[in-house]
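In: Build me a structure from this.
(4 chains)
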There are 2 protein chains.
Amino acid sequence: MLTDLKENFTNIFEDALIEEINEVGTLKEVKEGEKLIEIGDYVRSMPLLISGAIKILREDDDGDELLLYFLERGDTCAMTLTCCLGQTKSEIRAIAELDTTLIMIPIQKMEEWTGKYKSWRNFVFQSYHERLTEMLETIDSIAFYNMDERLVKYLQNKKKVTKDSLINSTHQEIAYELHTSRVVVSRLLKKLESMGKIELYRNSIKIVSL
Amino acid sequence: MLTDLKENFTNIFEDALIEEINEVGTLKEVKEGEKLIEIGDYVRSMPLLISGAIKILREDDDGDELLLYFLERGDTCAMTLTCCLGQTKSEIRAIAELDTTLIMIPIQKMEEWTGKYKSWRNFVFQSYHERLTEMLETIDSIAFYNMDERLVKYLQNKKKVTKDSLINSTHQEIAYELHTSRVVVSRLLKKLESMGKIELYRNSIKIVSL
DNA sequence: TTTGAATTGTAACTTTTGTTACTGTCAATT
DNA sequence: AATTGACAGTAACAAAAGTTACAATTCAAA
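Out: Residues are numbered from 1 along each chain as shown, chains lettered A, B, ... in the order given. The predicted model follows:
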């Protein structure tokens, strides 16, 4: 774990802090599709992402979902941060988008470190900033763009996160994450295909030029 | 200013911190409608809200707006926090919704206090949490609700913030903040009126029962 | 008092999105 | 090989939201 830590956080955290994380943190591996946090859960530890990606989802009253954003290497979950401190329940669901490696840090350390390490404070503030920014982008997408544009953004984002221009999703899965219906997604994907921007296969979509 | 501080923050901040705020902070009064921050501005000081309310708006490429949330008594601007620390430009616009009193704190103190005062750290984290929660609610509204429901939420929220069941807005102003068209707002308001939930006047709307 | 701008109401229409229904295809399993 | 269920394509329709156009009203300024 120390190697993972040094590789990913050496320019971010002081050596003494890396030491401490190494002592109290536990390594966790999750498989693609595995659920990390459910809405309403109490959060008892804070994740640092070493590799992979985690998708953060919001749910409405009918149980329908909306993809908020992805966490990637070097990220942490800003929602978790405040849930830890405030002892409140999770407002979101977290699911591994890829096979993912995390370091879990017990929440007791959170408060201690924010007083003790400047690098930790900066990291936490930076995380908040990034998350707020991502939330703003999500709001932009929903409020200012039509579904066809949102779909394009979704595909681009997915490609970036998975580092793969072949996206292994069904139309139904995409519809869930964009909070629309399968028929609408199929319709718009077909239009993108006829424009030569993507190629459609069963269970996957090849991004040609988006 | 000391009185304002003690009245509003005495249970939140340590006495020593209140002292410091009193020394370095400056009192600022803004009139309703006055702009506090524009998108792209660099932020050089952090506001603590003593009284009044500030609306936070997001803008799209065409210059159209969307209301994100209100800041009220005891709040601070989470976007400002990170802008200060990260030296990045503002992503949002802030306009006084009511006549408002603020204490402005120079950003240099930010970092110093996060190391020095536990109560300050808690306040900052709490602020982030509240802002993230408000952003989630905004996302819920846009993503999961239709315009008629969003309009009702808007009116309820406005009533709560202004503490006045008579809302002094034109249909056009409401349309801007909900990012829709005036005709749509007029249509939906008329429907609410015919249901007996509101009364419509020129330049104002009376909330009867929502 | 007249003018003109801002505000509101409303009809008619278009576009976007969502829904229902049915079809064919693919792939795993028996 | 036959069965089954998940997946995708598409038509037809419905609902929600956006647009255009115009009329009526109010109110302040000329």
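In: which residues touch the nearest residue to A:Thr26 once chain neighbours are set aside?
Out: Nearest residue to A:Thr26, sequence neighbours excluded (C-beta to C-beta, 6 or more residues apart in numbering or on different chains): A:Met104, at 5.1 Å. The way it works is simple: take the backbone N, C-alpha and C, and place the C-beta from them, glycine included. By C-beta atoms under 8 Å, 6 or more residues apart in numbering or on different chains, A:Met104 lies in contact with A:Gly25, A:Thr26, A:Leu27, A:Lys28, A:Ser45, A:Met46, A:Pro47, A:Leu48.
In: List only those of those residues flagged as buried.
Out: The neighbour count (16 or more other C-beta atoms under 10 Å in any protein chain shown) marks A:Gly25, A:Ser45, A:Met46, A:Pro47, A:Leu48 as buried among the contacts of A:Met104.
In: just to revisit the earlier point, looks to me like the residue nearest to A:Thr26 is in a strand.
Out: Yes - counting by DSSP: H, G, I helix; E, B strand; the rest coil, one finds A:Met104 located in a strand.
In: quick one: it from A:Asp164, how far?
Out: A:Met104 sits 27 Å away from A:Asp164, going by C-beta to C-beta, to the nearest Å.
In: returning to that earlier point: which of the buried ones among the contacts of A:Met104 lies closest to B:Met79?
Out: A:Met46 (22.9 Å; C-beta to C-beta).
In: is the residue nearest to A:Thr26 in a bridge, and if so with what?
Out: Per DSSP bridges, the residues bridged to A:Met104 are A:Thr26, A:Pro47.
In: Report the separation between A:Glu7 and A:Asp99.
Out: 17 Å.
In: okay, these two: which has more neighbours?
Out: Taking other C-beta atoms under 10 Å in any protein chain shown, A:Glu7 and A:Asp99 do not tie; A:Asp99 has more neighbours (14 against 11).
In: My guess is the more buried one contacts A:Val30. True?
Out: Yes - contact status for A:Asp99 versus A:Val30: in contact at 7.2 Å, counting by C-beta atoms under 8 Å.
In: Determine the residues that are contacts of both of the two.
Out: Residues touching both A:Asp99 and A:Val30 (C-beta under 8 Å, 6+ apart) are A:Gly52.
In: Within range of DNA strand C, give me the residues from chain A.
Out: A:Asn146, A:Met147, A:Asp148, A:His179, A:Thr180, A:Ser181, A:Val183, A:Val184, A:Arg202 (C-beta under 7 Å from any atom of the strand).
In: Chain A - how does it break down into domains?
Out: When chain A is parsed with automatic domain parsing, its domains come out as A:2-143, A:146-207.
In: which stretch among those domains comes nearest DNA strand D?
Out: Checking the domains of chain A against DNA strand D by C-beta to the nearest atom of the strand gives domain A:146-207 as the closest, at 3.2 Å.
In: pLDDT of that closest one, averaged?
Out: Here domain A:146-207 scores 98 as its mean pLDDT.
In: What of stretch A:56-66?
Out: For stretch A:56-66, the mean pLDDT works out to 94.
In: now stretch A:123-139, how far from the centre of its chain.
Out: Relative to its parent chain, stretch A:123-139 has a centroid offset of 12 Å by C-alpha atoms, centre = their mean, to the nearest Å.
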